[in-house]
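Asks: any chance you can model this:
(3 chains)
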Amino acid sequence: MPDLATPLIAWYAEHRRDLPWRREGFDAWGVLVSEFMLQQTPVTRVIPHLEAWLLRWPRPSDLAADAPAEAVRQWANLGYPRRAIWLHRAAGEIAERHGDVVPRDVEALLALTGIGDYTARAVSVFAYGDRHPVVDTNTRRVLARTVDGRSQPGPPAKRDLAAMAAVLPADDSAAAIVNAAAMELGAVVCTARAPRCGACPLADRCAWRAAGYPDTGDERRRQARYEGSDRQARGAVLRTLRDAAPDPVPLTAVLADWPDGAQRDRAIDSLIADGLAEASDSLLRLPAHPETGATAGRTGSGRSSA
DNA sequence: GAGTCGTGGCT
DNA sequence: TAGCCAAGACT
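Replies: Numbering: from 1, shown residues only, chains lettered A, B, ... in the order given. Sure, this is the predicted structure:
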C-alpha cells in the first residue's frame, strides 16, 4: 500500500475550498446540519440553505421547539425532504438525551434519526477531531482508483471503512485532514466523469493510472427514471403543501389534474406515512405536530448507544 | 440487500 | 437531449 496520506495532506493545504463548515468556530450543530443537507445534494446548492437554517435555529433545541412543518418549509427544494423530518427528529433527540449538545461518540451519533455510517463519523471527525475513517462516495472513488485500479467504485460496503482506515495516519488531527482531503480530491479532481489526473497529487502512485486507465465497468445501481415516477408525484404534492403553508389544501385540490390518480393517491399516502404530511377533515397539510412514542426514535436496530 | 427516496445542473 | 451525477439513510 503506497503512502497516500502525505501527498493528500500537502495537496489539501493548498487546494482546499473555503466552505462554511470549514470555518473556524463552526460548531458541531452546524456540522451536523451541513452533513444532513449534503447527503446526495451538491455543495453549491447547500450553502445558502445551510446559512439560513442556522440563523433561524442556532441550537438543536431551537429547531425541536418548532413544528416539523417549519423544517419542511425551510428545507424548500433541497430534495429528499424526509431529511428535514429526520433532522427535526434528531434535534429533539439531541435536546432530550444529550443536553442540547451534539454527541461526539460514533455510537451515540448512529443512534440518532437520519444518521448512518457516513454522517456519524463525519460529525465525530470534522466537528470534534476524533480519529475514524470517513467514507463517502468521493472517497470510495479515490480508493477504487488509486488502490484497486478500478475506474469506478463498487456498491458501498462495510469493507470501505477498513480500506480508508488503512490510509489514515496515527495522529488524530492528521487523520481528520486526510479524511477531508480524500473527499475533496474526489469532489474536484478525481471526479466520476472526466477526472483531472494531470492535477492529481496521487497520480504517481495511482493503480488505475499505472494500468492505463482501464474501464473496469460500473457496478453501482443506476437511478430509476424520474419522469413519471412516484417520486415525481411526491415532489409535486409536497411542493403544493409548501406553497400553501401554513394553510392546508383540500384533498380534492391536491394534484387535481395529475394524469395518474392512483399514483397521486400513493404519493399522498406515502408522504403521510413518512411524517411529511397530515390529513384530517378532507384537508392535507404539512405536519404540525411532532411524532411521539414509538415513532420518535430507533428501537431494536441493534445500534443503540446503550 | 435491493428498492426507494428530490431536485437541478451539466454534458 | 436524455442520461448522469450529487458529503446517504431507511425499510
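Asks: what about whatever helix or strand A:L63 lives in, distance to the chain center?
Replies: In the assignment (DSSP states H and E), A:L63 maps to helix A:60-65. Using Cα atoms, centre = their mean, to the nearest Å, the mean C-alpha position of helix A:60-65 is found 20 Å from that of the whole chain.
Asks: which is the next helix or strand following that helix?
Replies: Taking DSSP H and E, what comes next after helix A:60-65 is helix A:68-75.
Asks: any bit of that next one sitting next to DNA strand C?
Replies: No. Applying Cβ under 7 Å from any atom of the strand, one finds helix A:68-75 out of contact with DNA strand C, separated by at least 13.7 Å. Backbone N, C-alpha and C define where each C-beta goes, glycine included.
Asks: so for the helix or strand just after that helix, mean pLDDT?
Replies: Where DSSP H and E defines the elements, the next helix or strand beyond helix A:68-75 is helix A:82-97. Confidence over helix A:82-97 (mean pLDDT, whole number) is 98.
Asks: for A:Q232, which non-adjacent residue is spatially closest?
Replies: Closest residue to A:Q232 apart from its sequence neighbours, by Cβ to Cβ, 6 or more residues apart in numbering: A:Y226 at 5.8 Å.
Asks: pLDDT score assigned to A:S305?
Replies: pLDDT, A:S305: 29.
Asks: check A:P2 and give its pLDDT.
Replies: 88.
Asks: same check, this time on A:R222
Replies: Value for A:R222, per-residue pLDDT: 89.
Asks: from the stretch 151-300 of chain A, which residue is nearest to DNA strand C?
Replies: Minimum separation of the stretch 151-300 of chain A from DNA strand C (Cβ to the nearest atom of the strand) falls at A:A192, amounting to 3.6 Å.
Asks: got phi/psi on that residue?
Replies: A:A192 adopts backbone torsions of phi -60, psi -50, taken as degrees, to the nearest 10.
Asks: give the burial count for it, as a bare number.
Replies: Residues lying near A:A192 (other Cβ atoms under 10 Å) number 14.
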